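Peer 1: sequence first, then the predicted structure, then my questions.
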Amino acid sequence: MRVQPTETDIPHIDADALVIGVDAAKNLSQEARELDDAAGESITRLIARGEILGKADELTLLYDLPGIKSPLVAVVGLGEPKQWGGGAAFRAAAVAARRLAEKKRRRVAFCLGDGWTERQVENGICGALVGCHGQDLYRAEKNTQPFAEILWHSGYPPVLAAGQILGETVNLTRQLVNEPASRIDPESFAAEAQKFADEYGLGIEIWDEKRLEDERCGALLAVARGSSQRPRLVILSHQGGRPGDPVLALAGKGVTFDSGGLCLKPSDGQKAMKGDMAGAATVCGAMQAIARLELPVNVIGLVGLVENMISGDAYRVGDVLTARNGKTIEVLNTDAEGRLVLADVLDVAVERGAHKLIDLATLTGACLVALGTDVAGLMTNDQAWCDAVRRASEQCGEASWQLPMFPEFGEQIRSKVADIKNVGEGRWAGTITAAKFLEEFVGEKPWVHIDIAGPAFFENPKPWLDAGGSGAFVRTLVEIARHWPDLAETDAADV
Ligand code: BES
Ligand code: MN
Ligand code: ZN
């Protein structure tokens, strides 16, 4: 898809559709006013009649307005002006793009940006790209038809390019999540990573089963044993800073299918489990964006790739595993597999010199119970680092909320036969006991765990996003990488 700036005055823009914005205070943007003037004040009249309210997610389609070259004008609500951030810009553009993509349209012009910050323009372009791509990968007749070209009115080309990179990498993450497990397994996932690493100049190491054994990744390997798909660990690296600059590590859970193992999930519980590699896909999307944006920072992205299946060789309840860092783990539920995979991935990240870490995982159903489908859970061993992650997510309109990590929760994962066990006592606070387990593998390093079980994958579509993989938190990770030179220095004592 091409994203191009246009300076043509709005009534004369040659496009299949134009998108303009009205906010909830009923203010027309300067661009909307230009269109309104040319079209005999049609928009002002619709506002006066209460047809257009300017609320977030509102979309009004107007056909064949007099004086306007484009045959279709979409008026999108921008919401409360006070609440504008990257999130509102993303959402407004995505709402319009999603509706317009229901029909085949070659060129769509977005005239939203006057008065927007560069960051909002970037997010808006990202939203336009995300809104016009759907999950219908294997439908002959597409529900969502991507535009061939996006025009952005008065866009500054470097900002447009950055927005396009964000949109394409969020869509990469979504596509990896949406591909069925029959197409994306640990090996083919790693091959995808190899492809884009070569294309965009990321360093890459792929550990196969033999290497994982040599590296004593006993927890990850145990999960993989029941599947005929062999596991992989991928380490991507972006050296945008100087040698010796602090390293940001991003780690992702990449369970390409989670059947639950011997503690088999009921069929309903398996339906979304092709998406249990969303953490890994998010890390890949972010790493590709960081490389293409040429951010002047050192970042490594590590993803643990396994399939959790059943066979005569599958790991069992009661097994005791030795993780890479030497800790012994009693397995009391084979469906609590993500934390076993991440245990070894986090240990590798620490060994590779991570200064601070973030991991992303569709880790617990309990997180959906606690926070619902739209909010990610944050847990940490370092409050200042967690605050930085939360601020970035807020900036991008990607909702997150912190859960406590009181030491008492850690008592729940003590085992009578091994150092720790992979589940807590009963179901209560299951999101936190999972995080307490991960904490055992990050040493003393500042670390934030993001449980994306809710927002990574939507069963139902949103006005701005098709159902399926959402690509949530790619933008947040990029935002953090952009501030990494400052964030690397703050520690808990500074706050
Ligand atoms: N991948 C699941 C968590 C999940 C559930 C993500 C629903 C998205 C939607 C994870 O591996 C899992 O099965 N967790 C168990 C943990 C339990 C056995 C302690 C769960 O949440 O039930
Ligand atoms: Mn599971
Ligand atoms: Zn899982």
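Peer 2: It's in. Ligands and ions are numbered 1, 2, ... in the order given.
Peer 1: residues of the stretch 301-450 of the chain that sit close to ligand 1?
Peer 2: 333, 335, 336, 337, 338, 362, 363, 364, 365, 366, 423, 430 (CB under 6 Å from any ligand atom). Using the backbone N, CA and C atoms, a C-beta is placed for each residue, glycine as well.
Peer 1: quick one: the strands in the stretch 101-250 of the chain?
Peer 2: Listed in chain order, the strands of the stretch 101-250 of the chain (DSSP state E, counting those that start in this stretch) span 107-111, 149-153, 203-207, 232-239, 247-258.
Peer 1: any idea of the angle the fourth one forms with strand 203-207?
Peer 2: Counting by axes from the mean of the first three to the mean of the last three CA atoms, to 10 degrees, strand 232-239 points 160 degrees away from the direction of strand 203-207.
Peer 1: the second one now?
Peer 2: Regarding strand 149-153 and strand 203-207, their directions subtend 140 degrees when assessed with the same axes, to 10 degrees.
Peer 1: buried residues of strand 149-153, list them for me.
Peer 2: By neighbour count on 16 or more other CB atoms under 10 Å, the buried set for strand 149-153 is 150, 151, 152, 153.
Peer 1: domain parsing of this protein, as residue ranges.
Peer 2: 2-155, 181-494 (automatic domain parsing).
Peer 1: residues near residue 182, how many?
Peer 2: 10 (other CB atoms under 10 Å).
Peer 1: and the residue of this protein nearest ligand 2?
Peer 2: Closest to ligand 2 within the chain is residue 335: 3.9 Å, counting by CB to the ion.
Peer 1: ok, that residue to ligand 3 distance?
Peer 2: 7 Å (CB to the ion, to the nearest Å).
Peer 1: where does pLDDT dip in the stretch 301-450 of the chain?
Peer 2: Nowhere does the stretch 301-450 of the chain drop to pLDDT under 70.
Peer 1: now the strands of the stretch 101-250 of the chain in JSON lines, with distance to ligand 2 and mean pLDDT?
Peer 2: Formatted as JSON lines, these follow (distance: least, CB to the ion, whole Å; pLDDT from 0 to 100):
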{"stretch": "strand 107-111", "distance to ligand 2": "41", "mean pLDDT": "97"}
{"stretch": "strand 149-153", "distance to ligand 2": "39", "mean pLDDT": "97"}
{"stretch": "strand 203-207", "distance to ligand 2": "22", "mean pLDDT": "99"}
{"stretch": "strand 232-239", "distance to ligand 2": "19", "mean pLDDT": "99"}
{"stretch": "strand 247-258", "distance to ligand 2": "4", "mean pLDDT": "99"}
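Peer 1: list just the nearest of the buried residues of strand 149-153 to residue 394.
Peer 2: Distance ranking of those against residue 394, using CB to CB, places residue 152 first at 24.8 Å.
Peer 1: circling back: part of a strand, is the residue of the chain closest to ligand 2?
Peer 2: No. Read with DSSP: H, G, I helix; E, B strand; the rest coil, residue 335 is coil and lies in no strand.
Peer 1: for it, give me its contacts.
Peer 2: 258, 260, 261, 263, 264, 265, 308 (CB atoms under 8 Å, 6 or more residues apart in numbering).
Peer 1: with residue 17 instead?
Peer 2: Residue 17 makes contact with 70, 71, 72, 73, 74, 100, 105, 108, 109, according to CB under 8 Å, 6+ apart.
Peer 1: tell me which stretches of the stretch 351-495 of the chain form helices.
Peer 2: In the stretch 351-495 of the chain, the segments counted as helices under DSSP state H, counting those that start in this stretch are 365-371, 383-396, 407-411, 430-439, 474-482, 484-487.
Peer 1: determine the set of other helices and strands touching the second one.
Peer 2: Read it as helix 383-396. helix 86-100, strand 376-380, strand 400-402, strand 447-451, helix 474-482 (3 or more CB pairs under 8 Å, 6 or more residues apart in numbering; DSSP states H and E).
Peer 1: export that helix as PDB, just CAs?
Peer 2: Output of helix 383-396 as PDB, limited to C-alpha atoms (Å, rounded to 0.1, in the frame of the first residue of the first chain):
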ATOM      1  CA  GLN A 383       7.800   0.500  40.200                       C
ATOM      2  CA  ALA A 384       9.500   3.300  38.200                       C
ATOM      3  CA  TRP A 385       9.900   1.000  35.200                       C
ATOM      4  CA  CYS A 386       6.300  -0.100  35.400                       C
ATOM      5  CA  ASP A 387       5.200   3.500  35.600                       C
ATOM      6  CA  ALA A 388       7.100   4.200  32.400                       C
ATOM      7  CA  VAL A 389       5.500   1.300  30.600                       C
ATOM      8  CA  ARG A 390       2.000   2.400  31.800                       C
ATOM      9  CA  ARG A 391       2.600   6.000  30.600                       C
ATOM     10  CA  ALA A 392       3.700   4.700  27.200                       C
ATOM     11  CA  SER A 393       0.600   2.500  26.900                       C
ATOM     12  CA  GLU A 394      -1.600   5.500  27.900                       C
ATOM     13  CA  GLN A 395       0.000   7.600  25.200                       C
ATOM     14  CA  CYS A 396      -0.900   5.100  22.600                       C
END
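Peer 1: what does it rub up against?
Peer 2: Residues beyond helix 383-396 that count as contacts (CB under 8 Å, 6+ apart) turn out to be 85-87, 90, 119, 123, 356, 358, 376, 378-380, 399-400, 402, 446-448, 450, 473, 475-476, 479-480, 483, 487, 490-492, 494-495.
Peer 1: the fourth one too?
Peer 2: Defining contact as CB under 8 Å, 6+ apart, one finds that helix 430-439 is touched by 336, 338-339, 342-343, 346, 359, 363-367, 370, 377, 379, 381, 403-405, 409-410, 412-413, 420, 422-424, 447, 449, 451.
Peer 1: fine, thanks again, bye for now.
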